[in-house]
Each structure stands twice: as C-alpha cells, then as structure tokens.
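A.B. asks: what would the 3D arrangement of this be:
(3 chains)
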Amino acid sequence: MDEQGRLLQARGVGIPGLPVQGGLQPLNPHQLHEPPSDNGEPRKQDIGDILQQIMTITDQSLDEAQAKKHALNCHRMKPALFNVLCEIKEKTGLSIRSNQEEEPVDPQLMRLDNMLLAEGVAGPEKGGGSAAAAAAAAASGGVSPDNSIEHSDYRNKLSQIRQIYHSELEKYEQACNEFTTHVMNLLREQSRTRPISPKEIERMVGIIHRKFSSIQMQLKQSTCEAVMILRSRFLDARRKRRNFSKQATEVLNEYFYSHLSNPYPSEEAKEELAKKCGITVSQVSNWFGNKRIRYKKNIGKFQEEANIYAVKTAVSVTQGTHSGANSPTTPTSAGSSGSFNLSGSGDMFIGMQSLNGDSYPTTQVESLRHSMAPGSYGDGISGSQMYSPRELRANGGWQEAATPSSVTSPTEGPGSVHSDTSN
DNA sequence: CCGCATGATTTCCA
DNA sequence: TGGAAATCATGCGG
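C.D. replies: Numbers count the residues shown, from 1 in each chain, chains lettered A, B, ... in the order given. Got it, this is the predicted structure:
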C-alpha cells in the first residue's frame, strides 16, 4: 500500500476527475507498447500512464474510449496492476462487508404489509375483483340497495386502489430489474478492468433492491393512507345515521306489531329480517331495541301505526299471501290500504285505545289470545286485539313497562315518563 | 333554524 | 351477553 500510495500521489492521480498534475502528457495508444526501459523510472512512468489513461477514459468519446480500453486490457502491466487493485480491494472490501449487516425486517414495513393484506389490497384478490364484488353486493341487497350501493362503491374504490398499487408495484419491480441488469452488465464489463468480485455485485444488487424497496415502502405507505382515507370516509358514512328505506321499516314494523306480545325476534328471525331489509342483524337489534322502548314510552303515539299494520297483516292473512307468522311478507300495498275500510278500523282501534286508557277489562282479550295457538296466523289476526296496551301487560316482562304510565303507574313520580306520554 | 324522528352508541343490569 | 334505558347525533320537514 505504501508504495502504491506514494506512487499514486507522486503521479498526481489520487484525485479522480481532477486535471492531472505533475506534467503528465496524454499518451497515444502506441506508447503503451513501447519496450520497457532498464531502470525503474520508465516502469513507474508506465504505471502512471496507465492510471492516467484510466482516469481520463471517461472524458473521451466512445470510440476513443473503446480503443483505449482495448489497448489497456492488452497492456503488459495490466495483470500486475489488476492484482494490486485486487489486493487493495480485498482490504477495503472487507471493511465494507463488515459494515454491511443483514438489516432486520423493518417493523413498519411489516405493519404496512399486514395492513395491505388485511385490506385485501395486497395478496390474493378477494372475490375476483370489483365486478364480482359489485355483483355480489347487488345480489345480496335485493330489498334495500342503499347499503349495497355504498358497499360496492367502497369495494370499487378499494379495487381501484388495489389496481393502482399493483401496477405501480409492477412498474417498480420492472424498473428495479432493468436497473439491476444494467448495473450488473456494467459491473461485469468493469470487472475486466477493475477487480469486482461476485459478492460485490451481489452487494450492489442488494443496495439497488434496498433502494427500490424503500420506494416500494413509500408506495405501500401512500396506499395505506389512501385505504385509510377511503375507510374512514365510508365507515363514517356508514356510521352516520341514515333512515332505513320505507320498505325496510315496513317489514320491521310488520314483524313488531304482529309479534307485539313478544317483540323479541330470535337470532334466525333477526337474520331473516336483516336479509329482507338489506340491513345488518345488529341494525335489526337496534331497531327493535329502539322500537320497544319508544313504543313502551308512548303507546298512544304508536297506536295508529299499530292499527295500520294490524290491517295490513289481517289483509295479508285473509288474502293468504303469507306463509307464517314468523315471516310476515310485505302485503301488496295497493290492495291492503286501498280497498280495506281503513278509516273505520282506525276509529275502532282508537276507540279501543281510549277504552284501554280507562282500564278496560282484559278478560276478553286474554281469552282470545289464549285461544290462539302461538305462532299461528292467529297471532297476526289477534294483533288487532293485541294492539291494546293492555295486551302487553298480560305478557311477561314486556308487559310491565309497556303499560302506559298514565294508566297504571300509581307510584309514578313526576318524572320523564309521564311527560313523555303526555307529549 | 327549530323541533321532532330515528338510527347508533353507551351504560347499566340480570 | 342480550336487553332496557339514556343519550348522542343526524336527517328532515316546517
């Protein structure tokens, strides 16, 4: 090293890219082939020349450089110089290699990967893409398209993100491969004039891959952000209260009023209702929870609604349009509300309500109800009787609180319940 | 803008 | 864990 260093310094070729000092002249190719002199000085001169030419080779035109490169490769000093370079390389290369630790898997990258995988952006495509997703959503939401439209919209957007992500990823990979091949070719080419071990090429490839993977990470990050924005927008939109469709409310109300004696749908019933209404099971649960509590709080207010659904149910029963009390189908609205004497029946129920308010004896209703087999059509028909608040009281836990406070709450304070009902 | 309707959330309880 | 009750938050009509 010492000798080499001194030599290089003496010849002023230690600083690449700078004009060479020390009075060296650009050499002609033929000078390389001059026979060596006897003393050492010309030999040094030779090495200096070679180095000088190597240094200035980039400044020359391609043809010139090619010619010079060829000349250099054929130079008699080349093997020796190459060995020296190899030696130096060996020393510095080791230090480089020791610096290069196998980097641990980036936890952030893992998180990103996991998230992309979880969101279905990365990994195998779910359900065959947006078209299938949209089709599935459309098929599942036959009753109320609101949710499915939103859902498919979300899926479409997600699918778009997915596509962009994959195409970008592909581009990056392609660019990475191209660049790697290019660099490898370059290094292979250079390995003829300077010592480049396969390991070094490998290391270089590793560096390139790391660089590109950092770009990929940025891509993943921005994809994640996009997904998060999409999610938050759509989830917020879904979280936002949105009234159910009229049809859905109708279905739910029908069930509620036809099961007024026990308005607690089973899981299966909830699922069926959810399917019918195009909402989730938990939404059905919410709806029934709200309905029960609100009905209880102000039965009078719901009486008319109850009557309407009683009529509907009765009509659908007499028309034989539904197959069971557990799955009330929506009656054809034209027939039910149009032809039936709605005002008359409504008056009747309102009359009943007032009677109930005056502690109307329940025996008749009770006997009627008991004569009905539970779960039969009678349940639905008896709804017209059952829509009296009194009926609720005859039935377990639901009855107690269901009784209007104005009628049967001697211990009732000046609290909210009364004011609610009076409202 | 206001008030009511109503779906969703939270808290408590059995 | 499901339901009751209270409450929140938004939609919507007047």
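A.B. asks: tell me the helix or strand right after the lengthiest helix in chain A.
C.D. replies: When chain A is parsed with DSSP state H, its longest helix is helix A:145-190. With elements assigned by DSSP states H and E, the helix or strand that comes after helix A:145-190 is helix A:198-239.
A.B. asks: same question for the longest helix of chain A, mean pLDDT?
C.D. replies: Averaged over helix A:145-190, pLDDT sits at 77.
A.B. asks: same question, stretch A:285-293
C.D. replies: For stretch A:285-293, the per-residue pLDDT averages 93.
A.B. asks: please apply the same query to stretch A:107-123.
C.D. replies: 77.
A.B. asks: ok so, going back, helices and strands around the longest helix of chain A, which ones?
C.D. replies: helix A:129-140, helix A:198-239 (3 or more CB pairs under 8 Å, 6 or more residues apart in numbering; DSSP states H and E). For every residue, glycine as well, the C-beta is placed using N, CA and C.
A.B. asks: got the angle for that helix vs helix A:198-239?
C.D. replies: 170 degrees (axes from the mean of the first three to the mean of the last three CA atoms, to 10 degrees).
A.B. asks: quick one: check helix A:145-190 for contact with DNA strand C.
C.D. replies: No. Using CB under 7 Å from any atom of the strand, helix A:145-190 stays clear of DNA strand C, coming no nearer than 10.5 Å.
A.B. asks: that helix near DNA strand B anywhere?
C.D. replies: No. Using CB under 7 Å from any atom of the strand, helix A:145-190 never reaches DNA strand B; the gap is at least 9.3 Å.
A.B. asks: and stretch A:243-263, by the same measure?
C.D. replies: Yes. Applying CB under 7 Å from any atom of the strand, one finds that stretch A:243-263 is in contact with DNA strand B at A:Asn243, A:Phe244, A:Thr249.
A.B. asks: so which of those are in helices?
C.D. replies: Per DSSP H, the residues of stretch A:243-263 next to DNA strand B map to helices at A:Thr249.
A.B. asks: could you dump the residues of stretch A:243-263 next to DNA strand B to TSV with pLDDT?
C.D. replies: Below are the residues of stretch A:243-263 next to DNA strand B laid out as TSV (pLDDT from 0 to 100):
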residue	pLDDT
A:Asn243	85
A:Phe244	89
A:Thr249	90
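A.B. asks: on that earlier part again, where among the helices and strands packed on helix A:145-190 is average confidence lowest?
C.D. replies: The bottom spot among the helices and strands packed on helix A:145-190, by mean pLDDT, belongs to helix A:129-140, with a mean of 38.
A.B. asks: mind checking which of the residues of stretch A:243-263 next to DNA strand B are buried?
C.D. replies: Using 16 or more other CB atoms under 10 Å as the burial test, the residues of stretch A:243-263 next to DNA strand B include A:Phe244, A:Thr249 as buried.
A.B. asks: CSV for the residues of stretch A:243-263 next to DNA strand B, including distance to A:Met115?
C.D. replies: Output for the residues of stretch A:243-263 next to DNA strand B, formatted as CSV (distance: CB to CB, whole Å):
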residue, distance to A:Met115
A:Asn243, 33
A:Phe244, 32
A:Thr249, 37
